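1. Pasting the sequence and the predicted model now:
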Amino acid sequence: MSTPKFITFEGIDGSGKSTQSRMFAEFARNQGRDVILTREPGGSPGAEEIRQLVLTGDPDRWSAETEILLFTAARRDHLEKTIEPALREGKTVICDRFADSTRVYQGATRGDLRAMVDSLHSLMISREPDLTFIIDMDPAVALERGLARNSGEDRFEDFGLGFQETLRHGFLALAHDHPERCVLIDGNRTADQIASEIAAHL
Ligand code: ADP
Ligand code: TYD
């Protein structure tokens, strides 16, 4: 693979994506790369506003279809304002969640809406990361970690363990279907152990 410039982290809530994307960004900077660390939903002022809309308030506020539109709208703004300009300047973009999250959260948890997610993606985004780390772990442990964090953005964490199990299988299926860009990482280890394995891929 040529040097990956657009790198994403995926996995269930509380799996350690934010921790690992931060550690990876620091590692890549120490290697002399010009790095931006960003996240979804969010990563641009407009997309951060959409994040507030979609992650706070009544968990039944939006239908799955409306959510697909909102997450895709946020992603489009993030891509236009943050990701593409940085890649054009030769920077490395490290992103905590991207389109794989919509494929799994909106595409596979409330009926099979994957075709809708894929259509909208090809119409509005049509860009894939060069490299995706999917952090796999026991949903019960991840849920405890996530809830302990008490972020106030519990829209999906509130749906419980069965929901997180469904998400885990969705991410495992993605890793299986896209070996050309996805690397599955065992998240049931210390943050330092995981970070060393991830760094070895750069
Ligand atoms: P995510 O972004 O996937 O939701 P975070 O990186 O925010 O996950 O981690 C969730 C919580 O678990 C945080 O409090 C973090 O400090 C802690 N954590 C992250 N990685 C590990 C690890 N490998 N072992 C134990 N705790 C961890
Ligand atoms: P995030 O801040 O990464 O949460 P966590 O740190 O708990 O993993 O993401 C917020 C929530 O948004 C998370 O529950 C996953 C959800 N989400 C979707 O449902 N679809 C999407 O396309 C994205 C990017 C996130």
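-> The structure has been received and is ready for your questions. Ligands and ions are numbered 1, 2, ... in the order given.
2. mind showing which ranges of the chain have poor pLDDT?
-> Applying pLDDT under 70 to the chain flags the ranges 1, 147-158.
3. Those residues of it touching ligand 1, which are they?
-> 11, 13-19, 145-146, 149, 190-191, 194 (Cβ under 6 Å from any ligand atom). The C-beta positions use only the backbone N, C-alpha and C, and glycine is treated the same way.
4. Mind checking which of those are buried?
-> Using 16 or more other Cβ atoms under 10 Å as the burial test, the residues of the chain next to ligand 1 include 11, 13-17, 19, 145-146, 194 as buried.
5. Can I get those residues in TSV including secondary structure and distance to Glu180?
-> Converted to TSV, those look like this (DSSP: H, G, I helix; E, B strand; the rest coil; distance: Cβ to Cβ, whole Å):
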residue	secondary structure	distance to Glu180
Gly11	strand	19
Asp13	coil	26
Gly14	coil	28
Ser15	coil	22
Gly16	coil	24
Lys17	helix	21
Thr19	helix	26
Arg145	helix	30
Gly146	helix	30
Ile194	helix	22
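6. ok, so of these, who is nearest Leu53?
-> Closest to Leu53 out of these is Asp13 (18.5 Å), distances taken as Cβ to Cβ.
7. Next, Gly42: phi, psi?
-> phi 130, psi -150 (degrees, to the nearest 10).
8. Relative to Ala175, how far out is it?
-> Counting by Cβ to Cβ, to the nearest Å, the gap from Gly42 to Ala175 is 24 Å.
9. neighbour count winner among these two?
-> The neighbour count for Gly42 versus Ala175, taken as other Cβ atoms under 10 Å, is higher for Gly42 (22 against 19).
10. thought the more buried one was touching Arg75?
-> No. At 10.0 Å, Gly42 does not count as touching Arg75 under the criterion of Cβ atoms under 8 Å.
11. was I right about Val93 contacting Pro85?
-> No. If you go by Cβ under 8 Å, Val93 and Pro85 don't touch, sitting 9.8 Å apart.
12. more neighbours, the two?
-> More crowded of Val93 and Pro85, by other Cβ under 10 Å: Val93, with 24 against 13.
13. Which of the three states applies to the more buried one?
-> In terms of secondary structure, Val93 is strand; the call rests on DSSP: H, G, I helix; E, B strand; the rest coil.
14. So what pairs up with it in the strands?
-> Beta-bridge pairing for Val93 (DSSP bridges): Phe6, Ile36.
15. Select the longest helix from the protein.
-> Secondary structure of the chain per DSSP state H: the longest helix is helix 161-177.
16. tilt between the next helix or strand after that one and helix 161-177?
-> Downstream of helix 161-177, the first helix or strand assigned by DSSP states H and E is strand 182-186. Put simply, strand 182-186 runs at 130 degrees to helix 161-177, going by axes from the mean of the first three to the mean of the last three Cα atoms, to 10 degrees.
17. Understood, closing this out.
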